[in-house]
Every structure is written in C-alpha cells, then in structure tokens.
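1. Quick one, what's the 3D model for this:
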Amino acid sequence: MQTPESVLIITDTANFLETAHNTGNAHFINALNNADKSNNFQVILEVRDEKLSSALKASTNMPELYTLYDVKESTGDNLNSIVTTVAKELSAYHKIEVDKDAIDEAIHLTCKYRDSLDLGWAQPQRAISLLDRALASYRQLTHKQHPKIAELMGKIEKITSETEQHDLRQQLEQWQQNWQNLKSEISKTYQYQRDAETLRFKLQDEITQLQEEEDNNKNSESVTIKTFAQLTAGGFDSLAVSKLKEKIRQIDAEIVQNNEQHQKLVMLANKDLRLNRQEVIAEFSKVSGISANKLDENEVENMINLEANLLSRIFGQDNIVKHVANSVKVAKVDTLEESGPAMSYLFLGPSGVGRTEMAKALAEYVYGDEKSLVRFDMSEYIKTCCCKINWCTSRI
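-> The predicted structure is shown next:
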C-alpha cells in the first residue's frame, strides 16, 4: 500500500536509469518523478560520485525534485563498530570464529589499498567483503586438512628426538583418522539431504500430475451417475494423492532431523577454527596479487627505512630523496585531512634523471607494489605548435 510514509529505494540508480532508457521504458522515469512530486511516496536514489552527472541528465526535473546528500565513508570507531557487528553475522553463517586482529587487518588493508579488487568501492563494504571471502576460503582449506594436523606435521619436522617424534606421529595418525571419519559423516548427511530434497520434488510433481488427471476425468464424467463415495469425497484428496502427501510429510521430518545432525557435525568440525589476521592477509594477497610477505611487513619499520630504500634505487639525487622521504613520513602521521591525495609531488627534469623511477620506488615502498602506480603521459596533452619540449609526470 502506497502512503506518504512509504519509501522506495533504488540502489544503483545510474544503471537502473540507463537500463530503463535502453529497454524503451524511459517513461518510467517521468512516472517516478511525478509520483515523487505528488507526495504519493518518498524516493531515495543511491548513486556513486562518478555516476551522479549521468543520473541527473536522465530528466531535467531530477535536480529540482531530489535533495543531494553526500554520504561519506565510515572511518575510525564507526567503521570498526560496523565491521565488528557484521563480522558476528558472518561468523554465525560460516560457523567459524573471527579474531579481533582479523577484523582490524581487514580494515587496514582495504583502507590502505584503494583499488576495487572486486571488494567494493567504499567502506565498510570493502572490509566486509574481504572478511567474507577470507572465511569462505579458510573454511574450504581447513575442511581439506585440519589446522591441528598441519601443526602436528610441523612439530614432527622440527623435533629431532625419536621418542617425541613417535608420540607426535601417534597423535597425528589419530587426528587424521578422526578427521577422515568426521568428514565422511558430514559427506553422508549432506548427500542424504540432497537425495531427500530431490525425492520430495519428484513426489510433488507426481501429485501435481495426478491432480491434473483427476480434474480432466471430472470434466469428462460430469454427466455420469456418481456413487455415494464419489459424492461424499468432494474437497478431499484421492487415495493415491493422500499416500504421496503422507510420504512427503515423512520425508520432511527426515530432512529436518538429518539437517540437525549435519549442523552438529559441521559445528564439531569447526569448533577449533578461528580466522586470524594471517588468513585475511593470505586472502587479500590472492585478490590483489601483492605477496603476503609484503602485506605483512611492519609499516613503522618501512617508514624508518624509507630513505635508505629510496637511495638504493635513486642515485645522484640524495637531497631530493631526503625531502621526499621526510614529507612521506609527515603525511603518514598527519591524518587530519580526510579528502584529497595524501601526498602530491611534481618531479621536473630531463629524461634519465630518475623521475619515473622515484615514483615507482615510492609506489613499492609506501604502497607495497609498483602496480599501485598509474602513469599518465602528459605529452599527449601538449600542443606541439605551442611547446617544443615534451615532458611527462608520473604520479601515484
């Protein structure tokens, strides 16, 4: 029921308007605006910054009818609170506990590396998506081999004492046997669930087919004389349909019972599993292509060694390197400015002095990878008739 208090929310407005226009439903946009203008209900349109102009061009009335609100990304304690709350829901869904340091690492990585990487364009969605993917990957990995088994195997390799190795091997064999038995039970309950659901759908189709046949028979025998049993059977199922429905009720009860057993086994398999920061780093490494060792480096040590690292790649520009390294450290400490680039540099000079190499080195030592560098060749925008010297800048 539409009332002035009703709210229509369109999440991806730009894509929605473009689809409506391309499918010949451009009139829907005008109808939406008219409904909003007449206060039949309220409308909220969500659109990303880069798509705002195209959304406003869909109708000349759009800027007048809608009030623009700039919804900023969550930061600080608010971001941490949102991600922590959603992490509890993800933990309940995947049935795996999530450590606090895993949440902090997910926020840190998705704030530091701003490319989409199929994680989303803004917080908190980016951190939540990373946690969800990390939980899914961790669950699949640990169900192949339990972390306790890997831990015992690692201890056996390090220990030289034959007595201790013998004890650990016995523990390892027992763990492997128990783990295989548990996985086998989980697989059986899962397969039983699938088979039972398939059988239920098959029986439901048989009921539908029988009911259609009975309806056809009723139409063809409408003029025949009916027995007392037929006359008193109105509104009741036939014997065949009743038997099939009884089977379905039995299968439903078995499905519920089997599902409870399956969930108990899964909980037993996951009871010792906890998602930590190393698993989050490993998942982000797969998504971004940046090595896990690079992601796990101490950022404070990187800043301390930044000048030395830059000097190992940039030669003959010691004074410039010193100023750049100091400004990077200041920018890392100064977090008061929420918008705009963290650092801006303009490197001038002839070819070969190290402008591009400096930008690449900054990308590697500050952001972990040279791939963080996006290069724009500014010579493409110079009119040759006005300027004889071609030069380019590289920026992160």
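2. how much space is there between residue 289 and residue 369?
-> 7 Å (Cβ to Cβ, to the nearest Å). In short, each C-beta sits where N, CA and C put it, glycine included.
3. okay, now the domains of the chain?
-> 7-65, 76-177, 297-395 (automatic domain parsing).
4. thinking again about what came up before, who has more neighbours, residue 289 and residue 369?
-> The residue with more neighbours, out of residue 289 and residue 369, is residue 369; 15 against 10, by other Cβ atoms under 10 Å.
5. Check that one and give its pLDDT.
-> Note for residue 369: predicted pLDDT of 74.
6. Spatially nearest residue to it (excluding sequence neighbours)?
-> residue 290 (4.8 Å; Cβ to Cβ, 6 or more residues apart in numbering).
7. What is the burial count for the one you found?
-> 19.
8. was I right about it contacting residue 364?
-> No: assessed by Cβ atoms under 8 Å, residue 290 is found out of contact with residue 364, at 10.3 Å.
9. what do these two both touch?
-> Counting by Cβ atoms under 8 Å, 6 or more residues apart in numbering, no residue touches both residue 290 and residue 364.
10. quick one: contacts for residue 283?
-> Residue 283 touches 130, 133, 134, 137, 138, counting by Cβ under 8 Å, 6+ apart.
11. hey, where'd the strands end up in the stretch 251-396 of the chain?
-> Along the stretch 251-396 of the chain, counting by DSSP state E, counting those that start in this stretch, strands occupy 274-275, 374-376, 393-395.
12. Return the member of those having the minimum mean pLDDT.
-> Here the strands of the stretch 251-396 of the chain differ in mean pLDDT, and the lowest is strand 393-395 at a mean of 44.
13. Let me know how buried the residue lying closest to residue 145 once chain neighbours are set aside is, in neighbour terms.
-> Closest residue in space to residue 145, ignoring its immediate chain neighbours: residue 179 at 8.0 Å, by Cβ to Cβ, 6+ apart. As a burial measure, residue 179 scores 17 neighbours (other Cβ under 10 Å).
14. I'd say residue 179 and residue 146 touch.
-> Yes: the pair residue 179 / residue 146 is scored as a contact, 5.1 Å apart, by Cβ under 8 Å.
15. what about the stretch 51-200 of the chain, any weak spots by pLDDT?
-> Where the stretch 51-200 of the chain drops to pLDDT under 70, the residues are 116.
16. Name the helix or strand for the most centrally placed residue in the chain, please.
-> In the chain, the residue lying closest to the centroid (Cα atoms, centre = their mean) is residue 129, at 2.6 Å. According to DSSP states H and E, residue 129 maps onto helix 125-144.
17. buried ones in that helix?
-> Buried residues in helix 125-144, counted by 16 or more other Cβ atoms under 10 Å: 125-135, 137-139, 142-143.
18. Packing partners of it?
-> If you count contacts as 3 or more Cβ pairs under 8 Å, 6 or more residues apart in numbering; DSSP states H and E, helix 125-144 packs onto helix 76-94, helix 100-112, strand 274-275, helix 277-288.
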